[in-house]
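Peer 1: Have a look at this prediction, sequence included:
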Amino acid sequence: MIMMPIMCSLKVIGPLAVLAFLVLVPVNWTGETLEGVKNLAYNDIDKLSISNVPDGSKRFWVHIVMSYVFALWTFYVLYVEYKEVAAMRLRYLASENRRPDQFTVLVRNVPPDPDETVSEHIEHFFRVNHPDSYLTHQVVYNANKLAKLVQKKKSLQNWHTYYLNKYERTSKRPTTRTGFGGVVGTKVDAIDYYSSEIQKLSEAEALGREKVLSDPKAIVRAAFVSFKSRWAAAVCAQTQLSHNPTIWLTEWAPEPRDVYWRNLAIPYFDLTIRRLLMAIALFFLIFFFMIPIAFVQSLANIEGIEKVFPFLTPLIETKSVRSFIQGFLPGIVLKIFLILLPTILMMMSKVEGFSSRSSLDRRSAGKYHLFLLVNVFLGSIITGTAFQQLKTFLHQPPTEIPKTVGESIPMKATFFITYTMVDGWAGIAAEILRLVPLVIFHLKNMFLVKTEQDREEAMDPGCLNFATYEPKIQFYFLLGLVYSAVTPVLLPFVIIFFAFSYVVFRHQVINVYDQRYESGGSFWPDVHRRLLIGLLISQFLLMGLLSTKNIEKSTIALLPLPILTIWFHVYCKGRFQSAFVRFSLQDAMTKDTLERATEPNLNLRAYLKDAYVHPVFKGRSHFDSPLLVPDEENNTLVLTRRSS
């Protein structure tokens, strides 16, 4: 999915660069305004920007006309891309092989019943309301603690294998310590110690498994309900099951490898509270993140460190340490925070309680894009420019102020786009390192591999971090749109960045990365919306910039642009978005009919038997659903233990 935004950006920015160089660059170059301003530092690149056009000049109407051309071309490319992605998704859904999620619906907020268990209540409800199509269901268990035990046991087994291998090589009994990390505590025989610990965890795991199965409180009021056909699953997933819209809530089940099991145990009522709290936390993180960063950076200087740690004063006063603190430490603090930011945003998405990994990636990408938009772009350009102009106003004579108003954005464009693209180039460099997986594997093999399990993990290339890379791609797309009419000379650098991104990520996606789940292009509506947000921002910034250039009716002339952009978004949403959120009954019936004709003896119940069983229970007989006998299927009465 990461390749589509890159290709779309190249298709938009490439022709824009050609048009800008053919039309806008000559207009800007011949403006000859900067040469007439005294005491103004500029270079030849600034002559190619809109800053070189004199205030009130009719040349600005060329920029206004070109902004319409740029917008219409962007509309055309985005429309074609949306149409193509929607068609690809429909072809994929029509041609893909049978998968459990095609027949399964996730049902949440099951209402309590005093006479029946959650499982009985679910079966009763669907036998009554979907008598011809209901097949089976699997209730959701809160097995988070049990999963931690299983994971801990797996880690101890790995250490046990390591020490056994070491004993076979040296014929000497290895030792370890019982404390943290095996470096503190009592010294013991490593093999015996880990054997006993594994035995204890095995007993605790067995007890935990029985407790989960027998404790009614461990059953979550949610279930994966499977049907006999895709058509029936589509009807259930896309309709309201009860007159009360807050219960029996349905959605398409994620594919089994996409399920984030930990969040399924969260009560549905808690999800609203969690998402409200995370929305508030995100607001403070985005709009007030500079406060803690500035505080930490204030400590990351010589005076702050000497005040907090006075005993380090002799070391800090040395020339080399002092130079490092003054030159690098404040920037390193900010960079560390930005490196940790995607992880923080992913943790916030997990706290919100989304039930699939794809939803977590999508929400994290949205948060990261908003952060980049507010703090990196608007914070660095708009706020920085405003403060710079305020400083200019305070130190310049009133007669000189009109000459510098509106010059800040284009004059600082080169520095800003260079600074912001450093992080993007660093990401590409990190991906290029993955082009030599053999080197990375040998490094891991030398320092990290202890057992065969470690070797398999070392060979695992991981997956593409969509939540981090996709917002950055859209951010650079925003830069290209903003500067296309202001400083066109910067567009080739944006194109080079996208070209390198395409070459590197294409290789990574095809040859390196593993795929954790299949989204079927479902992320594209979010990508399309954020690309149009970038176009809107570029239009408003151009309106604001031209309003400082004494151009009569420039705002009125540009006002239809954002209106057209919003209309275009509404049109595309109504035209294509349904393909990404719904599955047509016609296509579902077509696939069902074809499958019945080609596989008349398919045992769908056996196929779905363990698809949505929690991983810690895989292969357990506790979850074997009783087979439906013919007289039960044809019986119009539904067994129940209700007294009413």
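Peer 2: Arrived safely. All values reported here derive from a predicted model rather than from experimental measurement. Numbers count the residues shown, from 1 in each chain.
Peer 1: Distance-wise, check G480 relative to L564.
Peer 2: 19 Å (Cβ to Cβ, to the nearest Å). Quick note: C-beta positions are derived from backbone N, CA and C, even for glycine.
Peer 1: Correct me if wrong: V509 contacts L464.
Peer 2: Yes. The pair V509 / L464 is scored as a contact, 6.4 Å apart, by Cβ atoms under 8 Å.
Peer 1: Just want to know which of those two has more residues nearby.
Peer 2: L464 (22 against 15; other Cβ atoms under 10 Å).
Peer 1: In CSV, list the C-alpha atoms belonging to whichever helix or strand L535 is part of.
Peer 2: Assigned by DSSP states H and E, L535 belongs to helix 524-547. This file holds the C-alpha atoms of helix 524-547, laid out as CSV (Å, rounded to 0.1, in the frame of the first residue of the first chain):
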residue,chain,number,x,y,z
TRP,A,524,-6.6,4.3,0.4
PRO,A,525,-9.6,6.5,1.5
ASP,A,526,-7.5,7.8,4.4
VAL,A,527,-4.5,8.4,2.1
HIS,A,528,-6.7,10.2,-0.5
ARG,A,529,-8.3,12.4,2.2
ARG,A,530,-4.9,13.4,3.6
LEU,A,531,-3.6,14.2,0.2
LEU,A,532,-6.5,16.6,-0.4
ILE,A,533,-5.9,18.2,3.0
GLY,A,534,-2.4,19.0,1.8
LEU,A,535,-3.9,20.5,-1.4
LEU,A,536,-6.3,22.6,0.8
ILE,A,537,-3.4,23.9,3.0
SER,A,538,-1.4,24.9,-0.1
GLN,A,539,-4.3,26.9,-1.5
PHE,A,540,-5.0,28.7,1.8
LEU,A,541,-1.3,29.6,2.2
LEU,A,542,-1.2,30.9,-1.3
MET,A,543,-4.2,33.1,-0.6
GLY,A,544,-2.6,34.4,2.5
LEU,A,545,0.7,35.1,0.8
LEU,A,546,-0.9,37.0,-2.1
SER,A,547,-3.0,39.0,0.3
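Peer 1: Quick check: what element follows that helix along the chain?
Peer 2: helix 554-558.
Peer 1: So for that next one, mean pLDDT?
Peer 2: Mean per-residue pLDDT for helix 554-558: 84.
Peer 1: Which elements pack onto it?
Peer 2: Applying 3 or more Cβ pairs under 8 Å, 6 or more residues apart in numbering; DSSP states H and E, one finds that helix 554-558 contacts helix 60-95, helix 524-547.
Peer 1: Tell me the span between the first and last residue of stretch 542-551.
Peer 2: For stretch 542-551, the first-to-last residue distance is 12 Å (Cα to Cα, to the nearest Å).
Peer 1: For it, which outside residues touch it?
Peer 2: Applying Cβ atoms under 8 Å, 6 or more residues apart in numbering, the external contacts of stretch 542-551 come out as 50, 53, 55-57, 60-61, 63-64, 67, 405-406, 409-410, 485-486, 554-555, 558-559.
Peer 1: Without its sequence neighbours, what residue ends up closest to V374?
Peer 2: I286 (5.1 Å; Cβ to Cβ, 6 or more residues apart in numbering).
Peer 1: Contacts only, for the one you found.
Peer 2: I286 sits in contact with L370, F371, V374, N375, where contact means Cβ under 8 Å, 6+ apart.
Peer 1: and it, backbone torsions?
Peer 2: phi -80, psi -50 (degrees, to the nearest 10).
Peer 1: and the gap between it and R596?
Peer 2: From I286 to R596 the distance is 52 Å (Cβ to Cβ).
Peer 1: repeat for T175
Peer 2: 64 Å.
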